[in-house]
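Novice: My questions concern the predicted model and sequence given below.
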Amino acid sequence: MKSVLIIGMGRFGRHMAQKLYDLGHDVLAIDKNEEKINKVLSYVTNAQIGDSTDESFIDSLGVSNFDLCVVAIGDDFQSSLETTALLKDHGAKLVVARAVRDVHAKFLLRNGADEVVYPEKQIGNWAAVRFSSENIFDYVQLTPEYSIYEIAVPTAWIGKTMLELDIRRKYHINILATKINGILDPLPSAEHTFQESENILILAQNSDVQKFLRF
């Protein structure tokens, strides 16, 4: 269980706070807007109303005691930048800041952010890949070159085994799991026979997946 400080209770901050709380972590939510704080009281450990650009307020939080500090301010870049710098100045161990533009990400990293998340860009990239082919159902980028995809089993594979198809040699993809009716079967054996309405989770180089799916 980690102790997490999240500053900024907009949509991104709220969703992150709720998920972390659901996962069993201690979450302290901060926002200068009382209405936003009232909306999250039921799914955070604690909450405070305050201005994160006020050094005395940041000092009062004891930020060095938190495992993770998240700057989720998305509508005021100057406040995000000042908050990030103040957190680091007061001993925050790990600061993750939200960026809404590429230039924001650069400045946040220069001013103390250990990592930057860019929700709009990340979900945009995900959606582009997800909807570029009717056979892709999910996608996780691991590196710029490699990703994990959830795709439909090709019709030509139905009724055949992994061994018969010689998938790794022919297509340069690795099958991590199969999925049917929401049930995941990790690391299927070479004797696994593919079924209709079955999905597969594959790890491969993006260029090989594009060739495989012909998109």
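Specialist: Ah, there it is.

Novice: what's the closest non-adjacent residue to Thr45?
Specialist: Closest residue to Thr45 in three dimensions, ignoring its sequence neighbours and counting by C-beta to C-beta, 6 or more residues apart in numbering: Asp26, at 4.6 Å. The way it works is simple: take the backbone N, C-alpha and C, and place the C-beta from them, glycine included.

Novice: for this structure, what spans make up the strands?
Specialist: 3-7, 26-31, 46-49, 68-71, 95-98, 115-117, 136-141, 146-152, 173-180, 183-186, 199-205 (DSSP state E).

Novice: thinking again about what came up before, tell me the pLDDT of the residue nearest to Thr45.
Specialist: Listed pLDDT for Asp26 reads 97.

Novice: mind checking how far it is from Met1?
Specialist: Distance, Asp26 to Met1, by C-beta to C-beta, to the nearest Å: 7 Å.

Novice: what residue ranges in this structure score low on pLDDT?
Specialist: 215 (pLDDT under 70).

Novice: quick one: furthest residue from the center of it?
Specialist: In the chain, the greatest distance from the average C-alpha position (C-alpha atoms, centre = their mean) is reached by Glu164, at 36.4 Å.

Novice: Wait, Ala99 touches Val116, no?
Specialist: Yes: the pair Ala99 and Val116 qualifies as a contact (C-beta atoms under 8 Å) at a distance of 5.0 Å.

Novice: Looking at the two, which one has more neighbours?
Specialist: Ala99 (23 against 19; other C-beta atoms under 10 Å).

Novice: and the closest residue to Leu108 other than its chain neighbours, what does it touch?
Specialist: Spatially, and ignoring its direct neighbours in sequence, Leu108 is nearest to Ala97 (4.4 Å; C-beta to C-beta, 6+ apart). Counting by C-beta atoms under 8 Å, 6 or more residues apart in numbering, Ala97 makes contact with 70-71, 80, 84, 108, 113, 115-117.

Novice: By neighbours, which of the residues you listed wins?
Specialist: Within these, most neighbours by other C-beta under 10 Å means Val71, with 32 neighbours.

Novice: nearest spatial neighbour of it, skipping sequence neighbours?
Specialist: Nearest one to Val71, counting by C-beta to C-beta, 6+ apart, is Ala97 at 4.1 Å.

Novice: From Glu55, how far out is the closest residue to Val117 other than its chain neighbours?
Specialist: Leaving aside its chain neighbours, Val117 sits nearest to Arg98 (5.6 Å; criterion: C-beta to C-beta, 6+ apart). Relative to Glu55, Arg98 is positioned 21 Å away (C-beta to C-beta).

Novice: more crowded one of these two?
Specialist: Arg98 (26 against 14).
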